[in-house]
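In: the following block contains a protein sequence and its predicted model.
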Amino acid sequence: MRYYARKLGFYLVALWAALTLNFFIPRLMPGNPVDTLLAKLQQRGGAVDPSARRSYELLLGTDTGEPLWRQYTSYLGNVLRGDLGVSVSAFPAEVTEVIGQSLPWTVVLVGIATLLSFTLGVTLGTITGWRRGSRLDSLIPATTVLAAVPYFWLALILVLIFSSTLQWFPLFGGYDTYLATGWNWDFISSAIYHGTLPALTIVISSVGGWLLGMRNMMVATGSEDYILTAHAKGLRERRIMTRYAARNAVLPSLAGFAISLGFVVSGSIITEQVFSYPGIGSKLLQAVENSDYALMQGIFLVITVAVLAANLLVDLLHGFIDPRTRVTT
């Protein structure tokens with residue numbers, strides 16, 4: 001119990017530190033979101049007087065006239081209530097609305113692709129590491145080369161082959177725009193069809209790292225005394241591989257998977273740019289280009305919470321898999 005309480009306390013402190021950094025960093029950055037918003041309004045032919053500028057400053061919270069510590073406490077209170085402010089790049093939409101519209105696309109696409117690449121890489125790494133020296137070792141240089149290829153270049157090559165030349169998949173977008181969004185088969189099938197090629201790009205580029213890491217751990221674990229003992233006891237080869245070797249060899253990969261799973265919500269900016277996919281990565285790039293600090297803060301907060309939550313869950317799972325980690329000194 002002390003193990004779980006200590007882990008929970010550590011992540012609560014880490015969350016507080018992340019919230020504090022998320023508050024101060026945008027205020028240290030150059031530029032003013034109000035100037036960006038007013039420039040857009042003036043481009044549309046609107047005139048802005050000083051009273052209107054003051055209203056926008058109060059709305060966006062850039063110059064409230066309050067001391068910094070009071071702004072900080074107000075910020076923490078707003079975060080607890082789910083109020084992340086108003087987005088400049090999508091004005092007058094709120095940040096929670098913008099994130100809520102784009103986050104499901106990224107979670108489904110990158111989440112499924114990450115899970116598939118991890119499962120495929122760990123499975124192949126387990127088999128190649130256990131049967132080292134076999135023909136399966138030829139998978140290692142092939143997947144390593146694919147992992148070393150620049151990601152944007154691989155995405156463009158797949159678009160050129162499968163979208164432009166063969167026309168098996170669409171060039172861009174997350175679904176057919178003439179369809180109404182909702183839980184109906186036409187929309188879901190269109191989203192799956194549009195997301196297949198971006199997901200395939202993520203799987204191809206990342207499966208090699210999981211395979212190589214798991215393979216090396218299996219080779220190292222195969223020489224441990226408890227593996228030799230299991231062989232001496234006459235246990236089946238498959239049981240030794242899965243229940244003894246793979247269960248211990250997967251622990252480092254599991255920790256890496258936690259970090260990857262947490263960063264699923266941040267999306268893949270390159271993937272979403274190449275395929276014009278409507279995910280959170282494209283919204284983050286849009287926020288940076290428009291000095292939309294409120295949206296940047298909101299996205300960074302979601303990423304931080306997701307990474308901490310994923311690492312906490314894996315720490316707890318790690319303690320369940322390997323009881324030695326729960327021993328306190």
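Out: That came through, no problem.
In: for burial, what's the neighbour tally of the nearest residue to residue 196 once chain neighbours are set aside?
Out: Using CB to CB, 6 or more residues apart in numbering and skipping residues adjacent in sequence, the residue nearest residue 196 is residue 169, 6.1 Å away. Placement of C-beta: from N, CA and C, glycine included. When neighbours are defined as other CB atoms under 10 Å, residue 169 has 19 of them.
In: and residue 169, which of the three is it?
Out: With DSSP: H, G, I helix; E, B strand; the rest coil as the basis, residue 169 sits in coil.
In: report the contact partners of the residue nearest to residue 210 when sequence neighbours are not counted.
Out: Counting by CB to CB, 6+ apart, residue 210 lies nearest to residue 121, which is 2.5 Å off, once chain neighbours are set aside. Taking CB atoms under 8 Å, 6 or more residues apart in numbering, we find residue 121 in contact with 143, 206-211, 213-214.
In: wait, a helix at residue 121?
Out: Yes: Residue 121 forms part of a helix when assessed by three-state DSSP.
In: what about it, distance to residue 256?
Out: Using CB to CB, to the nearest Å, we find residue 121 at a distance of 10 Å from residue 256.
In: contacts made by whichever strand or helix holds residue 153 with the rest, please.
Out: When elements are assigned from DSSP states H and E, residue 153 belongs to helix 151-158. For helix 151-158, the surrounding residues in contact (CB under 8 Å, 6+ apart) are 146, 197-198, 200-201, 204-205, 268, 270-271, 274-275.
In: next SSE downstream of that helix?
Out: Sequence-wise, the next helix or strand downstream of helix 151-158 (DSSP H and E) is helix 185-221.
In: relative orientation of that following helix and helix 151-158 in degrees?
Out: Relative orientation of helix 185-221 and helix 151-158, computed by axes from the mean of the first three to the mean of the last three CA atoms, to 10 degrees: 130 degrees.
In: flag every buried residue along helix 185-221.
Out: Neighbour counts over helix 185-221 (16 or more other CB atoms under 10 Å) mark 190-191, 194-195, 197-219, 221 as buried.
In: for the helix or strand just after it, the averaged confidence score.
Out: As assigned by DSSP H and E, the chain's next helix or strand after helix 185-221 is helix 225-232. Taken as a whole, helix 225-232 carries a mean pLDDT of 87.
In: list the buried residues in helix 225-232.
Out: Residues of helix 225-232 classed as buried by neighbour count (16+ other CB under 10 Å): 227, 230.
In: which strands and helices sit next to that helix?
Out: Here helix 225-232 touches no other helix or strand, going by 3 or more CB pairs under 8 Å, 6 or more residues apart in numbering; DSSP states H and E.
In: now that helix - C-alpha only, CSV.
Out: Extracted C-alpha coordinates of helix 225-232, given in CSV (Å, rounded to 0.1, in the frame of the first residue of the first chain):
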residue,chain,number,x,y,z
ASP,A,225,19.6,-18.8,-14.3
TYR,A,226,15.8,-19.1,-14.0
ILE,A,227,15.5,-19.8,-17.7
LEU,A,228,18.1,-22.5,-17.4
THR,A,229,16.3,-23.9,-14.4
ALA,A,230,13.0,-23.9,-16.4
HIS,A,231,14.7,-25.9,-19.2
ALA,A,232,16.2,-28.3,-16.7
